[in-house]
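Q: need a 3D model of the following:
(one chain, ligands or ions: 3)
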Amino acid sequence: MGVGKSTVGRLLAERLGVGYRDTDDDIVASQGRAIADIFVEDGEPAFRALEKQAVRTALAEHDGVLALGGGAVLDPDTRALLSGQRVVYLSMDVEEAVKRTGLNAARPLLAVNPRKQWRELMEARRHLYEEVATAVVPTDGRTPEEVTRAALDALELKEA
Ligand SMILES: Nc1ncnc2c1ncn2[C@@H]1O[C@H](COP(=O)(O)OP(=O)(O)O)[C@@H](O)[C@H]1O
Ligand SMILES: O=C(O)C1=C[C@@H](OP(=O)(O)O)[C@@H](O)[C@H](O)C1
Ligand SMILES: [Mg+2]
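A: Ligands and ions are numbered 1, 2, ... in the order given. Alright, predicted model coming up:
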């Protein structure tokens with residue numbers, strides 16, 4: 001969360017001259033509610049079910065760059081769908097994460113004690129990110145443009 005998937009995903013799509021899509025945006029559009037409201041009103045399991053369907057639909061319909069939410073990889077079927085795709089894992093350390101997400105109430109899982117929550121989520125998820133990734137791109141101390149360039153290099157893709 002907060003590493004720059006949505007920001008860099010959009011830039012990467014621009015550089016490649018392909019479309020961009022973000023499963024969180026798809027969920028917000030189809031539900032007509034913010035992510036935080038879905039968590040509060042329906043709970044996390046309901047959000048994960050929507051997310052699983054959103055990823056499945058986007059992977060079937062969309063040919064370009066797709067940004068996922070940080071928890072999408074928790075679902076084993078989603079991880080299976082990602083195999084055979086180019087998947088970039090953007091990484092950062094906890095202090096950078098707190099800077100990027102600190103004052104933003106849009107991420108319900110970081111609403112209370114963000115530093116501790118972020119560390120715990122990463123401990124639980126890091127191996128899943130590593131499992132699905134075909135490229136790992138560190139983002140600490142890099143601008144979104146620099147991260148995008150590093151992602152293009154890691155994927156061995158050229159700008160359009
Ligand atoms: N490389 C970066 N350096 C500094 N800030 C960044 C960088 N990438 C993204 N951000 C900022 O961090 C916040 C979270 O970015 P976002 O793209 O929404 O992350 P994600 O989709 O991974 O949660 C935004 O305010 C964004 O402008
Ligand atoms: O990591 C997570 O569990 C989540 C990440 C968020 O997306 P970003 O990773 O784009 O912030 C969003 O899907 C939701 O708040 C849950
Ligand atoms: Mg995002």
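
Q: list the buried residues in the host helix or strand of residue 149.
A: Per DSSP states H and E, residue 149 falls inside helix 144-155. For helix 144-155, the neighbour count (16 or more other Cβ atoms under 10 Å) marks 147-152, 154-155 as buried. The way it works is simple: take the backbone N, C-alpha and C, and place the C-beta from them, glycine included.

Q: close to ligand 1, is the helix or strand harbouring residue 99?
A: Using DSSP H and E, residue 99 sits in helix 94-101. Yes. Counting by Cβ under 6 Å from any ligand atom, ligand 1 is contacted by helix 94-101 at residue 100.

Q: what mean pLDDT does the helix holding residue 149 get?
A: The pLDDT scores in helix 144-155 average 97.

Q: before we move on, the earlier item: now, which of the buried residues of helix 144-155 lie close to ligand 3?
A: The subset of the buried residues of helix 144-155 within reach of ligand 3, by Cβ under 5 Å from the ion, is empty.

Q: with distance to ligand 2 added, can I get the residues you listed in CSV?
A: Listed next are the buried residues of helix 144-155 as CSV, based on distance: Cβ to the nearest ligand atom, whole Å:
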residue, distance to ligand 2
147, 14
148, 16
149, 21
150, 19
151, 16
152, 21
154, 19
155, 20
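
Q: for the helix holding residue 99, name the packing helices and strands.
A: If you count contacts as 3 or more Cβ pairs under 8 Å, 6 or more residues apart in numbering; DSSP states H and E, helix 94-101 packs onto helix 114-132.

Q: next, the buried residues of stretch 32-46.
A: For stretch 32-46, by 16+ other Cβ under 10 Å, it's 35, 38-39.
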